[in-house]
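Here is my input, please return the structure:
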Amino acid sequence: MALKGLFRNKKTTSERTPPAKEDWPTHMKTLDQKGFDDFIEKYPVSLVDFYSPFCGPCKTMTSRLRNLSKDYKYRVAFAKIDVTENQELAKRFKIMSVPHMMVFSYGKKVGTMMGKKDVPTLTKVLDKVLAEVEKG
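Numbering: from 1, shown residues only. Model (predicted):
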């Protein structure tokens, strides 16, 4: 996964203040279209899993991401969004298959992963994004 122009925003990530610890989710949040933009814009790094409840690999990814959310507590905000109930978001991001994960930094998409991924791959991607954000 390539980091796509993470620091080309007018306001750099170093100029932003991350939310206080009590404002970070303590679990993997379930989003809908209404709260999606607020969620991805609030955190220095967020990972959103676009999934379908009828997808076997999606269930595996949900479990892996739920576990990773504990390891990356206060550093990465995790959420999932059901594409069958939120088709407008699926269209907006051109989601053609699930599982499909997107990584955001303060609302800007910085990476995409498609298909079932193992934990070391997910960890590598998140660590890379976090390193870039921390460099600011």
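
how about the strands of this structure, start to end?
All strands of the chain, identified by DSSP state E, fall at 29-31, 46-51, 77-82, 100-105, 108-114.

so which of those comes closest to Glu134?
Across these, Glu134 has its closest neighbour in strand 100-105 (11.0 Å, C-beta to C-beta). In short, each C-beta sits where N, CA and C put it, glycine included.

name the helices or strands packed onto the closest one?
Other helices and strands packing on strand 100-105, by 3 or more C-beta pairs under 8 Å, 6 or more residues apart in numbering; DSSP states H and E, are strand 46-51, strand 108-114, helix 119-135.

show me where pLDDT drops low in this protein?
1-15 (pLDDT under 70).

Identify the bridge partners of the one residue sitting closest to the centre of the chain.
By C-alpha atoms, centre = their mean, the chain has its centre lying nearest to Leu47, at 1.1 Å. Assessed by DSSP bridges, Leu47 has beta-bridge partners Phe78, Val103.

Quick one: residues contacting it.
Shown in contact with Leu47 (C-beta atoms under 8 Å, 6 or more residues apart in numbering): 65, 76-79, 101-104, 126.

Let's see that with 6 Å instead.
76, 78, 101, 103 (C-beta atoms under 6 Å, 6 or more residues apart in numbering).

Check Ser69 too.
Contacts for Ser69 were tallied using C-beta under 6 Å, 6+ apart; they are 28, 78.

Roughly how far does it sit from Val83?
Using C-beta to C-beta, to the nearest Å, Ser69 is found at 20 Å from Val83.

can you check Pro53 too?
Shown here: Pro53 relative to Val83, a distance of 10 Å by C-beta to C-beta.

between those two, who's got more neighbours?
Val83 (23 against 11; other C-beta atoms under 10 Å).

From the chain's centroid, how far away is stretch 56-73?
With C-alpha atoms, centre = their mean, to the nearest Å as the basis, stretch 56-73 stands 11 Å off its chain's centre.
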